[in-house]
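Peer 1: How does the following fold in three dimensions:
(chains A, B, C and D)
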Protein chains: 2
Amino acid sequence: MPVDTPTRRTNNRAQLLLDAAASLFALKGYASTTVRDIAAAASMTPGAVYVHFPSKCDLLVEVYKEGVRRVTERIESSTLGIHCPWKILESALTAHLEAILDRSAYAKVIIRVLPGDVGQAGPALAALRDGYESKFRRYVEALPLAPGIDSRLLRLLLLGALNHAPVWYSDQGEEPTGIAAAAVQLIRGGASSVEQVA
Amino acid sequence: MPVDTPTRRTNNRAQLLLDAAASLFALKGYASTTVRDIAAAASMTPGAVYVHFPSKCDLLVEVYKEGVRRVTERIESSTLGIHCPWKILESALTAHLEAILDRSAYAKVIIRVLPGDVGQAGPALAALRDGYESKFRRYVEALPLAPGIDSRLLRLLLLGALNHAPVWYSDQGEEPTGIAAAAVQLIRGGASSVEQVA
DNA sequence: GTATAAAGTGAACAATCGTTTACCTATTGC
DNA sequence: GCAATAGGTAAACGATTGTTCACTTTATAC
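Peer 2: I've put the predicted structure just below:
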């Protein structure tokens, strides 16, 4: 009867390790983070890490998976009940921004660690990342765009703009909500003070 | 008579090392690049590196400096003779994009290696990066922007959008010129097919 | 030619890396 | 109780890291 009784040996130490790894990968990158660092952050011995994960690389892949899962969940729940495609996009971008700014170290890892940095696991990570970005593909393609606007390019520019926020964001400035709103306003109506001639 | 005669011992080996370091830092990041890798790429011995640079960290700082110098130069020369502020911005963005996409590994290092990754030299790198981005501050502030548009936010979003291009760019798609033009068009006139209500 | 100094070699340094091993501990199923 | 097993420790493994050192090579200045 493998039910979770209070006395049953809890195996949430693996989750603790994942949390520690996510924080450190997000902070220092993959190569600069040591297995010993991760173990220490989880109050464990380096050897104990390998009881739960076969390698440092696998640890990153699991963090990546969990990160994608969490952000996807946040985005989908944040867009529920909204019908205006612009508002849907804005909500999704806000959720995305909040995730990569402070809420979850997992999300930060996704945009901090490039798939190419991990050697063998590169393709797997790239696939996870693509799966996540495909959400936004639908949001952008649902927009009533003027003719001549490349929706793919629009999506890539938009995500790139927000993904760089961790570099310059500070608590004193604009809130994530405001940043996402400004981004949507920009690409929706433009920033020029005069109407553009065709 | 320390004139550069053809027979004079050339000290362009340091430049060769810088080139090799720039390529490798751009490709694999700072932590994953080995001093031995750099030396081998320059057809030298690891020990010879320390004849020209006191440490791996200094090597990165020099690459950073050179990168900022080159991109700044390209941007300034590309905007010469243009008067329309939107066209100036577009030219500058095109030069920036070309630099970080293929032309110069030096520029790629600037957006690939985060100042925080190098420990002590972090502030110095951040200062160099800021000096470079201040160019764009002037270009953006020269635009005739609609009231309520935050020029700082606009600049950060714009640069972020382009700085992510190395992740998704492929030779088959749009050229750097087209990407920069699309970005300017987007933020200038917007992408919506219908006029936005105030 | 010869002294000088820069450029470069090759081996070694201590430190640290990811990972493995042998051993211990404590909980679980029966 | 008792074997079984997952979880964890301490120490060590070989490989690799940035860096140094003693020594040679080579081009220049005089």
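Peer 1: Find the residue closest to residue A:186 in space, skipping its chain neighbours.
Peer 2: For residue A:186, ignoring the flanking residues on the chain, the nearest one in space by C-beta to C-beta, 6 or more residues apart in numbering or on different chains is residue B:187 at 5.3 Å. Backbone N, C-alpha and C define where each C-beta goes, glycine included.
Peer 1: Checking my notes, the one you found in a helix, right?
Peer 2: Yes - assigned with DSSP: H, G, I helix; E, B strand; the rest coil, residue B:187 falls within a helix.
Peer 1: Tell me how many other residues surround it.
Peer 2: In terms of burial, residue B:187 registers 27 neighbours under the definition other C-beta atoms under 10 Å in any protein chain shown.
Peer 1: Enumerate every residue touching residue A:65.
Peer 2: For residue A:65, the residues meeting the contact criterion (C-beta atoms under 8 Å, 6 or more residues apart in numbering or on different chains) are residue A:128.
Peer 1: Show me what counts as buried in the helix or strand containing it.
Peer 2: Assigned by DSSP states H and E, residue A:65 falls within helix A:56-78. Buried residues in helix A:56-78, counting neighbours by 16 or more other C-beta atoms under 10 Å in any protein chain shown, are found at A:56-57, A:59-68, A:70-71, A:74-75, A:78.
Peer 1: Helices of chain A, residue ranges please.
Peer 2: Secondary structure of chain A by DSSP state H: the helices cover A:13-28, A:35-41, A:46-52, A:56-78, A:85-98, A:105-112, A:122-141, A:151-163, A:165-168, A:176-189.
Peer 1: okay, the ones you listed, which one's buried deepest?
Peer 2: Neighbour counts averaged per stretch over the helices of chain A are highest for helix A:105-112, at a mean of 24; criterion: mean count of other C-beta atoms under 10 Å in any protein chain shown.
Peer 1: Pull up the residues of chain A that are close to DNA strand D.
Peer 2: Taking C-beta under 7 Å from any atom of the strand as the criterion, the neighbours of DNA strand D within chain A are A:9, A:11, A:13, A:44, A:45, A:46, A:47, A:48, A:51, A:52.
Peer 1: got a list of what the residue nearest the centre of chain A touches?
Peer 2: By C-alpha atoms, centre = their mean, chain A has its centre lying nearest to residue A:107, at 3.1 Å. Under the criterion of C-beta under 8 Å, 6+ apart, the contact partners of residue A:107 comprise A:67, A:70, A:71, A:96, A:99, A:100.
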